[in-house]
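Novice: here's a sequence, model it:
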Amino acid sequence: MPLSDTTKARLKNRVVWSRLVGWGLLCYATAAYGGIVTAPAIPEWYASLNKPSFNPPDWIFAPVWCVLYTLLAVSIWLATEFQQVCTKDSAKPPAKTSIQLTFVIVLFLNGIWSWAFFGQQNPTLGLIVVISLLSLSYFTFRLFFRAQIFAAWLYLPYLLWVSFATILNASIVVLN
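Specialist: Predicted coordinates for the structure are as follows:
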């Protein structure tokens, strides 16, 4: 028996929302990995580093990352599920697979940065990774902007935070 239009619409709606949940799980898996790698290094190693005057207090990082990972999940979901309609004057939005692959690499580099900086206790290696992350994050922002402007605005705080993290990481390398 064929599905009714209402049933098809409900199933499509569930699939769309399940993708948001999937992106959220992927983002928070990255967050969990980062936390697991980072936490042991904070009390002794990170506390012993010379840090610049603009270094935020340790307690601020967890809530900031919680907000950022939530914004990341929503932004990738919007960028891939609700792309802008092209007009004659606008460029064609990037392919969903390009957006998704780039985003997954951003998450991967984010996790690698935690491993490099905190897990390996190597700010120089962390700086190399975070510069790569910043470059790809900027590229991802541009993809999001072409695909879905609101998604790009939700991604912007992450891009700004990674920019700040790059400056902070570079300062720690210089001071140590």
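
Novice: mind listing what's buried along the helix or strand bottoming out on mean pLDDT in the chain?
Specialist: Every helix and strand in the chain was compared by mean pLDDT, DSSP states H and E; the lowest is helix 5-38, with a mean of 84. Residues of helix 5-38 classed as buried: Trp23, Gly24, Leu26, Cys27, Tyr28, Thr30, Ala31, Tyr33, Gly34, Val37, Thr38 (neighbour count, 16 or more other C-beta atoms under 10 Å). For glycine as for every other residue, the C-beta is placed from the backbone atoms N, C-alpha and C.

Novice: so which other helices or strands are in contact with it?
Specialist: If contacts are counted by 3 or more C-beta pairs under 8 Å, 6 or more residues apart in numbering; DSSP states H and E, helix 5-38 sits against helix 61-81, helix 96-114.

Novice: between it and helix 61-81, how many degrees?
Specialist: Counting by axes from the mean of the first three to the mean of the last three C-alpha atoms, to 10 degrees, helix 5-38 points 150 degrees away from the direction of helix 61-81.

Novice: pLDDT of the very next helix or strand once past helix 5-38, averaged?
Specialist: For helix 5-38, the following helix or strand on the C-terminal side (DSSP states H and E) is helix 47-48. For helix 47-48, the mean per-residue pLDDT is 96.

Novice: circling back: which of the buried residues of helix 5-38 sits closest to Gln148?
Specialist: Among those, Trp23 lies closest to Gln148 (C-beta to C-beta), at 13.6 Å.

Novice: what's the closest non-adjacent residue to that closest one?
Specialist: Of all residues not flanking Trp23 in the chain, Ala73 sits nearest, at 4.4 Å (C-beta to C-beta, 6 or more residues apart in numbering).
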